[in-house]
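Enquirer: Quick one, what's the 3D model for this:
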Amino acid sequence: MKIALIAHDKKKDAMIDLAVRYKEVLSGHELCATGTTGTLVMGETGLKIKRMKSGPLGGDQQIGSMIAEGKLDMVIFLRDPLTAQPHEPDVSALLRLCDVQNIPLATNVKSAQIMLDRIASGDL
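Expert: Residues are numbered from 1 along each chain as shown. Modelled structure (predicted):
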């Protein structure tokens with residue numbers, strides 16, 4: 001399975017905690033991430049992650065392109081709904097692409113845990 005990891009600045013620690021907790025599950029899959037998120041997760045877990053550009057510098061669009069081309073199976077995007085994002089149109093486009101392409105999308109830790117637990121059990 002090909003999984004993208006994205007986290008807004010205030011959610012990066014939560015993404016690291018999630019990746020540490022689910023390292024064994026994630027290690028069996030092809031991972032990509034936006035730049036800073038990928039660097040931080042790799043540093044804490046040692047997981048192999050293909051890094052894109054930082055989200056505001058086009059990383060969200062790069063991952064959106066992968067979704068549109070059928071190159072991703074799941075997206076974990078830990079969003080900060082309480083902080084305005086300068087690249088909000090890119091974020092909205094990425095979320096819309098997940099819906100259009102029927103790609104499972106977790107936008108908070110609990111939904112990500114549910115999806116990763118299902119992968120671990122072989123149900124997803």
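Enquirer: pretty sure residue 7 is touching residue 37, no?
Expert: Yes: judged on Cβ atoms under 8 Å, residue 7 makes contact with residue 37 at a distance of 4.7 Å. All C-beta spots, glycine's among them, are computed from the backbone N, C-alpha and C.
Enquirer: Now do the shared contacts for the two.
Expert: residue 15 (Cβ atoms under 8 Å, 6 or more residues apart in numbering).
Enquirer: Settle it for me: which of these two has more neighbours?
Expert: Neighbour totals were compared for residue 7 and residue 37, and residue 37 leads with 29 against 26 (other Cβ atoms under 10 Å).
Enquirer: So the more buried one sits against residue 6, correct?
Expert: Yes: assessed by Cβ under 8 Å, residue 37 is found in contact with residue 6 at 5.9 Å.
Enquirer: what touches both of those two?
Expert: Both residue 37 and residue 6 are in contact with residue 55, where contact means Cβ under 8 Å, 6+ apart.
Enquirer: what's the closest non-adjacent residue to residue 7?
Expert: In space, residue 7 comes closest to residue 15 once its chain neighbours are excluded; the distance is 3.8 Å by Cβ to Cβ, 6 or more residues apart in numbering.
Enquirer: Need the phi and psi values for the nearest residue to residue 85 once chain neighbours are set aside.
Expert: Nearest residue to residue 85 in three dimensions, chain neighbours excluded: residue 91, at 5.9 Å (Cβ to Cβ, 6+ apart). Torsion angles at residue 91 (phi, psi; degrees, to the nearest 10) stand at phi -60, psi -50.
Enquirer: how much space between residue 91 and residue 64?
Expert: For residue 91, the distance to residue 64 (Cβ to Cβ, to the nearest Å) stands at 10 Å.
Enquirer: more neighbours, those two?
Expert: Neighbours per residue, other Cβ under 10 Å: of residue 91 and residue 64, the larger number sits with residue 64, 23 against 19.
Enquirer: The more buried one: what's it in contact with?
Expert: Counting by Cβ under 8 Å, 6+ apart, residue 64 has contacts 90, 93-94, 97.
Enquirer: Same check on residue 73?
Expert: Contact analysis of residue 73 by Cβ under 8 Å, 6+ apart lists 1-3, 103-104.
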